[in-house]
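Student: for reference, the sequence and a predicted model appear below.
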Amino acid sequence: MAGRVYLVTGEPGTGKTMLGMHFLEEGLQNDETVLFIHGEESRQELITSASTVGIEIEDAAFLDLGPESEQFAENQPPKLVNPSELEQTQFTEEVRASPRDHP
């Protein structure tokens, strides 16, 4: 639904990333603006993984919030948040600026 944020959680290997990739691909096919917010795998690793199962997401915008990204250049530790507090996190401005500013 437009204008909403959804958080998918689960143990490693349960398909969270794959689910997100399917949503991204569907959005791209419908000429929607899509953003992949990631933190563990690089943009290229995600594109390659998706491609191996026939999902094409290379035209999506990507925002890296991993510990080695620009977000933590000043040695700030990652901040885990409750989804209800998303509007108050240090990432809100980055997410809102994307995908215009993130190739």
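Tutor: That came through fine.

Student: can you pull the contacts of the residue nearest to Phe23 when sequence neighbours are not counted?
Tutor: When the adjacent residues along the chain are set aside, Phe23 lies closest to Val34, with 7.7 Å between them (Cβ to Cβ, 6 or more residues apart in numbering). All C-beta atoms are positioned from the backbone trio N, CA, C, and that covers glycine. By Cβ atoms under 8 Å, 6 or more residues apart in numbering, the contact set of Val34 is 23-24, 27-28, 57, 60-61, 99.

Student: helix/strand/coil for Ile37?
Tutor: Assigned by DSSP: H, G, I helix; E, B strand; the rest coil, the conformation of Ile37 is strand.

Student: going forward can the numbers begin at 53, since that is how I track them
Tutor: Happy to do that; since the first residue is 53 now, the last one works out to Ile89.

Student: look up how far Gly118 lies from it.
Tutor: Look at Ile89 and Gly118: by Cβ to Cβ, to the nearest Å, they are 10 Å apart.

Student: per-residue confidence at Val147?
Tutor: Predicted confidence (pLDDT) for Val147: 64.

Student: hmm, back to that, farthest pair in the contacts of Val86?
Tutor: Phe75 and Pro151 (14.4 Å; Cβ to Cβ).

Student: and Leu87, what are its bridge partners?
Tutor: Ala113 (DSSP bridges).

Student: correct me if wrong: it contacts Asp116.
Tutor: No. Look at Leu87 against Asp116 with Cβ atoms under 8 Å: they stay out of range, at 11.4 Å.

Student: of the two, who's got more company?
Tutor: Asp116 (20 against 16; other Cβ atoms under 10 Å).

Student: backbone dihedrals for the more buried one, please?
Tutor: Dihedral angles of Asp116 (phi, psi; degrees, to the nearest 10) stand at phi -90, psi 120.

Student: spatially nearest residue to it, not counting backbone neighbours?
Tutor: Per Cβ to Cβ, 6+ apart, closest to Asp116 is His90, 6.0 Å.

Student: that neighbour against Leu98, yeah?
Tutor: Yes. Using Cβ under 8 Å, His90 makes contact with Leu98 at a distance of 6.1 Å.
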